[in-house]
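Asks: need the 3D shape of this:
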Amino acid sequence: MRMFLRKLMPGQNIEPHVDAWIPEDQHWRRFQVPLQTHPSVMMRWPDDGVEEHLEVGWLYEVRFDRTHEVVNPSSIERIHIQVDQMGATI
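Replies: Below you'll find the predicted structure:
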């Protein structure tokens, strides 16, 4: 398992991408816990037609193996704890 503190500055976006560097045979799962965000900050999976605002204090499993992006049009930083679990069995 590894854990990161992720910060996205006001007005900054993460372009659509797939985290292909994670080996499929390692059974990775990714979780995020928002610590600071704004209702206008969205995580999107454009190929799947999904757009979600991840609310503070909740634990989310996010699909890193699908095309995804983050948009932060707000004037505040988006700060999340990201946890990558290797060898996930559930």
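Asks: pull the distance from stretch 80-90 to the chain's centre.
Replies: 12 Å (CA atoms, centre = their mean, to the nearest Å).
Asks: then stretch 47-67?
Replies: Using CA atoms, centre = their mean, the offset of stretch 47-67 from its chain centre is 6 Å.
Asks: which of the residues in that stretch are buried?
Replies: Buried positions in stretch 47-67, judged by neighbour count with 16 or more other CB atoms under 10 Å: 54, 62, 64. C-beta coordinates here come from the backbone N, C-alpha and C atoms, glycine included.
Asks: helix/strand/coil for the last one?
Replies: Judged by DSSP: H, G, I helix; E, B strand; the rest coil, the three-state class of F64 is coil.
Asks: show me what contacts it?
Replies: For F64, the contacting residues are 18-19, 22, 28, 30, by CB atoms under 8 Å, 6 or more residues apart in numbering.
Asks: doesn't T67 make contact with H17?
Replies: Yes: H17 lies in contact with T67 (CB atoms under 8 Å); the separation is 6.9 Å.
Asks: just the buried residues of stretch 47-67 now: which is nearest M86?
Replies: F64 (12.5 Å; CB to CB).
Asks: circling back to that earlier point, may I see the ChimeraX selection of the buried members of the contacts of F64?
Replies: The buried residues among these can be selected in ChimeraX (16+ other CB under 10 Å) with this line:
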select :28,30
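Asks: thank you, goodbye.
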